[in-house]
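Trainee: Model the following, please.
(chains A and B)
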Amino acid sequence: MLLELEELSKSFKSGSNQVQAVDGVSLSVEAGEFLAIKGPSGCGKSTLLLMVGGLLSPDSGRVLIEGTDPYALSTDQRAHFRSTQIGFVFQQFHLVPYLNVLDNVLVPAIATGLSNARERAHELIANFGLEHRLHHTPAELSTGEKQRVALARALFHQPKVLLADEPTGNLDSENSEIVLQALSQFAKDGGCVLMVTHDDQAVESAERVLGIKAGRLITEAESEVVINS
Amino acid sequence: MSLFRLIFQEMQHRKINFLLGLVSVVVAVACLVAALTLLQADEIQTTFILEKKAAEVEEAGAKLEDAMRKITKGLGFNILILPANQDLNEFLLTGIVSDSMPEENVKKLAESKIVTVNHLLPMIVKKITWTEKKCDIILTGTRGEVPLLHRALKKPLQQQVPKGAMVLGYQIQKKLDLNVNDEVTLMGKNFKVTQCYPERGTADDSTVWINLDEAQELLGMQNLVNAILALECNCAAKDRVAQIREEISKILPGTQIIERGPPALARAEARNQAHASAVASLEQEKASRLQMIERHADFAAVLVPLVVLGCGAWIGFLSLENVRRRATEIGVLRAIGLRSTQVFGIFIIKAFVMGVIGALIGYFLGYGIGITWASLPESMNPQAVLFSSRWLLLSLIFAPVLASLSSWIPALLAARQDPATILQEG
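Mentor: Numbers count the residues shown, from 1 in each chain, chains lettered A, B, ... in the order given. Down below sits the predicted model:
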């Protein structure tokens, strides 16, 4: 099993109230699987994703990626673990504004220090059809291009797990299709994609779909009811 | 892609932030270097002025010394050693010494190790009537200076009057209408006038000087002298005269020693006072210059830390603002896998680079201000004199340290930011 979540819980304090963002989530994802978690805003999707990504320690439960619990590692070891095992794609792209396309894709090299970094970056940029935008900064790119750059950056260090938070949230259908195809391809190549979204088109690309409600995972059928309601 | 490329790209992107920080470093360094340069210029100027003044004082002192030597020579001598039985009252009333003592006394004194007396002049002084000219005169026989055997020969204060020569005081020369090279006869012996003194306003004006041996012969006082004139050149202090008296008494027991020539003493005192006054003036100038340097140093000691603190605070504020603006970027970098130390490094390296560039610009700006405002002697080239590689090195250490320390807390805050919180908010 590539990714396993065991009884993962996380709560936050909001004023005087304690909000249970994620509540006892258990999940197993195999290599080559593209899993979508569907749910409305504020249901705990992003919190779950950050916990899986080793950025937010759970109150209880465990995250295991290829049998390694990132939270059992030191901060620096966890950072290294992220840089080699996990890729992130965000709805807002979060590209570095002052770097051009090539440099943005190369940013993970600061952490991993790949020897063939430039060749790898050029290859990814070519795969996403951005060769003509190589030296353009994010401000000069369309939203679709920005997300493709973000995707190239996430794939740069060939992670095992790709975590996508509403990756098509700001894209038109054409660009959404490109991004989703890339995610599918990543899964087919042996990676594992965990995507949280409320976009139906995105959900359709996934092999398995789960819903999330009040921090708890529910089945796809249950989630349809939730979303429609 | 490296951390340095990321840092330099960010500097280029946020030029204003970087330039504002750079200006702060430049101001701090320029202020420090200008203060140091101006203080150094003050010290150089002070040293130059004091050295010049000291040389002037020394030169003036030497001139005064020479002038006093001549004045002392013209006016007489300080100490008069008289025979044991000489009636001092008579001497003081008439100026004439009636008693005599062996010339051997001079030899004894010369062979002694007396240190308070510099010059010895044995003499015969007698009031006589110059029968050939029908005129009363004070006849003085002198041998010139008897060298003190334990010392190197000093420049004589009174030249020996050669045999057959005569030196005339002003009143005698005027009264008898005599001039240099005139032939005269005194007590049946022929002399040639070799010198006529200008008016002194003392008994010297009525005196005729001839060679001591000839005077002894004319007066029938072979191997006898009336007095020994001794000059103690630096006898301005009163107790020195007492000391001389004590020393001479040990060598020539029974002789009487009186102080003579108060004008010479007064002038010696005046000379000493003039020298002391020049030295005091030099000291005053020195104190005044040192006070000025101290004032400037005090001012710099307040101004420079204030400017440095202000600039440091401003760099810290700019750095904090930079961290705040880059919060999402920091979150993403952490998510991608950058360690907190690398994030810390992004801000500290940027500050360090800012410090190095600021140090170079600031040093030359401060140096420029220094050489523009510095007051140096015209003979000196301020560019060459005030350039200091030591301060350039100091700037290259100080500025990066200042910038790095000022950015330390913001960099620490950046490194400790929780990426999850940032990404959730983003």
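
Trainee: Who are the packing partners of the lengthiest helix in chain A?
Mentor: If each helix of chain A is counted by residues according to DSSP state H, the longest one is helix A:173-188. Using 3 or more CB pairs under 8 Å, 6 or more residues apart in numbering or on different chains; DSSP states H and E, the elements in contact with helix A:173-188 are strand A:34-38, helix A:143-155, strand A:161-165, strand A:192-197, helix A:200-205. Heads up, the C-betas are built off the backbone N, CA and C, glycines and all.

Trainee: Among the ones you listed, which comes closest to residue B:112?
Mentor: Counting by CB to CB, residue B:112 lies closest to helix A:143-155 out of these; the figure is 107.4 Å.

Trainee: Give me the buried stretch members for that closest one, please.
Mentor: A:144, A:145, A:146, A:147, A:148, A:149, A:150, A:151, A:152, A:153, A:154, A:155 (16 or more other CB atoms under 10 Å in any protein chain shown).

Trainee: what angle sits between that helix and helix A:173-188?
Mentor: With axes from the mean of the first three to the mean of the last three CA atoms, to 10 degrees defining the directions, helix A:143-155 sits at 10 degrees from helix A:173-188.

Trainee: What pLDDT is listed against the residue of chain B found nearest chain A?
Mentor: Closest contact between chain B and chain A, by CB to the nearest CB, is at residue B:337 (2.3 Å). Listed pLDDT for residue B:337 reads 89.

Trainee: hang on, isn't it packed against residue A:76?
Mentor: No - if you go by CB atoms under 8 Å, residue B:337 and residue A:76 don't touch, sitting 10.1 Å apart.

Trainee: Those two: which is more packed in?
Mentor: Shown here are residue B:337 and residue A:76; by other CB atoms under 10 Å in any protein chain shown, residue B:337 has more neighbours (26 against 12).

Trainee: just for chain A, where's the confidence low?
Mentor: Low-confidence segments of chain A (pLDDT under 70): A:220-229.

Trainee: Nearest residue to the middle of it?
Mentor: In chain A, the centroid-proximal residue (CA atoms, centre = their mean) is residue A:163; its distance is 1.8 Å.

Trainee: now that residue: how far from chain B?
Mentor: Here the criterion is CB to the nearest CB, to the nearest Å. By it, residue A:163 lies 9 Å from chain B.

Trainee: Distance-wise, check that residue relative to residue A:41.
Mentor: 18 Å (CB to CB, to the nearest Å).

Trainee: can you give me the helices in the chain?
Mentor: Reading this off chain A. If DSSP H is used as the criterion, the helices of chain A fall at A:45-52, A:75-85, A:101-106, A:108-112, A:117-127, A:143-155, A:173-188, A:200-205, A:220-228.

Trainee: Actually, chain B is the one I wanted.
Mentor: All helices of chain B, identified by DSSP H, fall at B:3-13, B:15-75, B:88-94, B:104-111, B:170-175, B:212-219, B:238-251, B:262-325, B:327-336, B:340-373, B:382-386, B:389-416, B:419-425.

Trainee: out of those helices, deepest packed?
Mentor: For the helices of chain B, the largest average neighbour count (mean count of other CB atoms under 10 Å in any protein chain shown) is found in helix B:327-336, namely a mean of 23.

Trainee: got the residues of the stretch 201-350 of chain B near chain A?
Mentor: Residues of the stretch 201-350 of chain B lying close to chain A by CB under 8 Å from any CB of the partner chain are B:328-329, B:331-342.

Trainee: Out of the buried residues of helix A:143-155, which comes closest to chain B?
Mentor: Closest to chain B out of those is residue A:153 (7.5 Å), distances taken as CB to the nearest CB.

Trainee: Spatially, what comes nearest to that closest one if we skip its sequence neighbours?
Mentor: Using CB to CB, 6 or more residues apart in numbering or on different chains and skipping the chain neighbours, the partner closest in space to residue A:153 is residue A:105 (5.1 Å).

Trainee: Test my guess that the one you found contacts residue A:124.
Mentor: Yes - contact criterion CB under 8 Å: residue A:105 and residue A:124 qualify, at 5.9 Å.

Trainee: Take the buried residues of helix A:143-155 and write them to CSV, including distance to residue B:215.
Mentor: Below are those laid out as CSV (distance: CB to CB, whole Å):
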residue, distance to residue B:215
A:144, 132
A:145, 128
A:146, 126
A:147, 130
A:148, 130
A:149, 124
A:150, 126
A:151, 130
A:152, 126
A:153, 123
A:154, 127
A:155, 129
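
Trainee: Report the two members of these separated by the largest distance.
Mentor: Every pair of the buried residues of helix A:143-155 checked by CB to CB; the farthest is A:144 and A:155, at 16.5 Å.

Trainee: Work out which residue lies at the spatial centre of chain B.
Mentor: Central residue of chain B (CA atoms, centre = their mean): residue B:54, at 3.2 Å.

Trainee: Please name the residues that touch residue A:124.
Mentor: Counting by CB atoms under 8 Å, 6 or more residues apart in numbering or on different chains, residue A:124 makes contact with A:105, A:152, A:155, A:156.

Trainee: For the second one, list the residues it contacts.
Mentor: Read it as residue A:152. Residue A:152 makes contacts with A:105, A:121, A:124, A:125, A:127, A:128, A:130, as judged by CB under 8 Å, 6+ apart.

Trainee: Please name the nearest non-neighbouring residue to it.
Mentor: Closest to residue A:152 by CB to CB, 6+ apart is residue A:124, at 4.0 Å.

Trainee: how far away is that neighbour from residue A:156?
Mentor: Distance, residue A:124 to residue A:156, by CB to CB: 6 Å.

Trainee: Select, from the residues of the stretch 201-350 of chain B next to chain A, the two members most distant in space.
Mentor: Top of the distance list for those (CB to CB): B:328 and B:341, 20.1 Å.

Trainee: Residue of chain A closest to chain B, please.
Mentor: At 2.3 Å from chain B, residue A:83 is the closest residue in chain A, using CB to the nearest CB.

Trainee: What is the neighbour count of that residue?
Mentor: 23.

Trainee: what about it, distance to residue B:338?
Mentor: 8 Å.

Trainee: List, one by one, the residues from chain A near chain B.
Mentor: Those residues of chain A that sit near chain B, judged by CB under 8 Å from any CB, are A:46-47, A:50, A:53, A:55-56, A:75-76, A:79-84, A:88, A:90, A:92, A:94, A:96-99, A:103, A:106-112, A:117, A:153, A:157.

Trainee: picking that back up, now do the shared contacts for residue A:124 and residue A:156.
Mentor: Contact criterion CB under 8 Å, 6+ apart; residues shared by residue A:124 and residue A:156: residue A:105.
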